[in-house]
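Colleague: Whatever this is, show me its structure:
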Amino acid sequence: MSEINLAAVDLGASSGRVMLGRVGPGRIDLTEVRRFPNEAVRLPDGLYWDVLGLYRNMLAGLRDAHVQEPGLAGIGIDTWAVDYGLLDAQGRLQGNPRHYRDPRTGPVIDQIHQRVSPVNLYEANGLQHLPFNTLYQFATEPLDGRRALLIPDLLGYWLTGRQVAEQTNASTTGLLNARTRAWDTELITRLGLPGDLLPPVVPPGHVVGELTPAVREETGIDRPIPVTTVGSHDTASAVVGIPAENPHFAYISCGTWGLVGVELDKPVLTEASRAANFTNEAGVDGTVRYLRNVMGLWILSETLRTWKLHGVEGTLQSHLEEAARVPAGGPIFDPDAPEFLAPGDMPARIATACRTTGQPIPSTQGKMVRCILDSLAMTFATRIEEAQRLSGRRVDIVHIVGGGASNALLCQLIADAAGRSVVAGPVESTALGNILVQARTHGALEGDLWDLRAHLRDVVTSTVYEPRPMPAGASR
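Modeller: Residues are numbered from 1 along each chain as shown. I've put the predicted structure just below:
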């Protein structure tokens, strides 16, 4: 094993960063070289991403990474899923990409289901129904003569001039066949989509190309550097970065979204799985990420944003400390209810949900935060039980990674609700997974996914939360 220096571009739904990873015998060091916001832009006609701003910040981050480490050997990109940019025949971007929280797909969902029933869609793509899945977004705009690139592939195209569709993110479009992991040409035809809309599918660990001369001039990088695919869906990279020791684990990749599931060798395409709205997304090394989306810490961040707009003082930490003093047994709500998807006044929506179900409305900021975390923990625990039942994969332990791993109260509440040990960390699992796949592609690491995780266990630390005894008369 040799040492190597790599850049991980990691773009989440609320922030982005460029991380410098140094991989060597017994070490993986991560340094954040640039962090920047990633916020939705609301225009009169809907919600957009500022993809040009993201690209500018990515270039600045790569410039910083090269300054810190002139021996930079490679670049990998991971982002959120489902959203895309449209290019014309000359490769020019046709407007800023739409944000998945934009409600534009509502009127077209029934039209899609008239062409292909939900049952037949699930048999083909294995995806849970979400109103923002790419295939629904495609139905809202003209596509003839255009090429669609998912966000990480669009950024990679601007770096290299090469157009590809990385497999893990392609699996979130609803157009990748769950069994073959290739574009489902029959489904694409039935949906009336252009046959040349999508580029070729490539797996994680594929060398896309080298930085173009224009990018090298922009970043000050004075030599060819390859861009390789990783698990470009950020959850796919996060799952690589889980320090699990055996297959009997569930994971929660917890940030803006909470992705809850198990890792499998093949998809689960049963009617029971479809009815439970579980998804089968492609993972690294041919694995399947069998999971459910849960609204996640988005609800908490929107709550804090609303309070700030109304002049409520307090930090996240102070609100969590107050919430920890609130007794158990308070109100809970369904975080996956559609009213929590769009930006807005979350405290008012939570109050309405509690009132509608005959529960007390949280009367303080601490009680509101505790209500959110209790609701998330209970939902995560329920999804873990469902994943175990539907997949047949026994779950002995729960790993939580991402930003939620640093929320000690949430981790303890999950352990309590699930009745299992919760291993929290690493927080930077996505960037670590990105770096691990890159390092293997470049030959600095060897082996399969479990070998990568073994290397990770040697260099990261985690915190374990054990379930506390349940109060008398309570049940999990």
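
Colleague: Please count neighbours and contacts with C-alpha atoms only from this point.
Modeller: Noted.

Colleague: Can you check which helix is longest in the protein?
Modeller: What stands out as the longest helix in the chain, according to DSSP state H, is helix 365-391.

Colleague: Tell me the strands beside the helix or strand just after that one, with direction?
Modeller: Using DSSP states H and E, the next helix or strand after helix 365-391 towards the C-terminus is strand 397-401. Paired neighbours of strand 397-401 in the sheet (DSSP bridges): strand 249-254 (parallel), strand 422-424 (parallel).

Colleague: Figure out which of these is closest to residue 24.
Modeller: For the strands paired with strand 397-401, the distance to residue 24 is smallest for strand 422-424, at 24.1 Å, taking CA to CA.

Colleague: from the chain's centre, how far out does the closest one sit?
Modeller: Strand 422-424 sits 19 Å away from the centroid of its parent chain (CA atoms, centre = their mean, to the nearest Å).

Colleague: Remind me what the following helix or strand past it packs against, helices and strands.
Modeller: Downstream of strand 422-424, the next assigned helix or strand under DSSP H and E is helix 429-441. For helix 429-441, the packing partners by 3 or more CA pairs under 8 Å, 6 or more residues apart in numbering; DSSP states H and E come out as strand 4-11, strand 15-24, strand 74-78, helix 234-240.

Colleague: how about those, which one is nearest residue 445?
Modeller: Residue 445 lies closest to strand 15-24 among the helices and strands packed on helix 429-441, at 8.5 Å (CA to CA).

Colleague: Next secondary structure after the closest one?
Modeller: Note on strand 15-24: by DSSP H and E, the next helix or strand toward the C-terminus is strand 27-37.

Colleague: what's next to that following strand, contact-wise?
Modeller: 14-23, 57, 60-61, 64-65, 432, 456, 458-459 (CA atoms under 8 Å, 6 or more residues apart in numbering).

Colleague: Return the set of buried residues in that strand.
Modeller: Within strand 27-37, the residues that count as buried by 16 or more other CA atoms under 10 Å are 28, 30, 32, 33, 34, 35, 36.

Colleague: circling back: want to throw the strands paired with strand 397-401 into TSV with mean neighbour count?
Modeller: Converted to TSV, the strands paired with strand 397-401 look like this (neighbours: other CA atoms under 10 Å):
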stretch	mean neighbour count
strand 249-254	27
strand 422-424	27
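
Colleague: centroid residue for the chain?
Modeller: For the chain, the residue nearest the mean C-alpha position is residue 235 (3.9 Å; CA atoms, centre = their mean).

Colleague: measure it to residue 168 for me?
Modeller: 9 Å (CA to CA, to the nearest Å).

Colleague: so which of the strands paired with strand 397-401 gets nearest residue 386?
Modeller: Nearest of the strands paired with strand 397-401 to residue 386, taken as CA to CA: strand 249-254 at 11.0 Å.

Colleague: The closest one to helix 429-441, inter-axis angle?
Modeller: 120 degrees (axes from the mean of the first three to the mean of the last three CA atoms, to 10 degrees).

Colleague: send the alpha carbons of strand 249-254 over as PDB?
Modeller: Taking Å, rounded to 0.1, in the frame of the first residue of the first chain, the C-alpha atoms of strand 249-254 are listed here in PDB:
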ATOM      1  CA  PHE A 249     -26.300  -4.100  10.500                       C
ATOM      2  CA  ALA A 250     -28.800  -1.400   9.700                       C
ATOM      3  CA  TYR A 251     -27.700   2.100   8.800                       C
ATOM      4  CA  ILE A 252     -29.000   5.600   9.200                       C
ATOM      5  CA  SER A 253     -27.300   8.100   7.000                       C
ATOM      6  CA  CYS A 254     -28.600  11.200   8.800                       C
END
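
Colleague: Identify all contacting residues around it.
Modeller: 235, 238-239, 258-263, 296-297, 380, 384, 394-405.

Colleague: And for stretch 213-223?
Modeller: By CA under 8 Å, 6+ apart, stretch 213-223 touches 59, 60, 62, 63, 66, 159.

Colleague: which of those are buried?
Modeller: 59, 60, 62, 63, 66, 159.

Colleague: thought the last one was touching residue 208?
Modeller: Pointing back at residue 159 there. No: in this structure, residue 159 is not within contact of residue 208 by CA atoms under 8 Å, at 9.7 Å.

Colleague: Now do the shared contacts for those two.
Modeller: Counting by CA under 8 Å, 6+ apart, the contacts common to residue 159 and residue 208 are residue 227.

Colleague: Between the contacts of stretch 213-223, which sits nearest residue 244?
Modeller: residue 62 (30.8 Å).

Colleague: Not counting its neighbours along the chain, what's nearest residue 326?
Modeller: residue 367 (6.3 Å; CA to CA, 6 or more residues apart in numbering).
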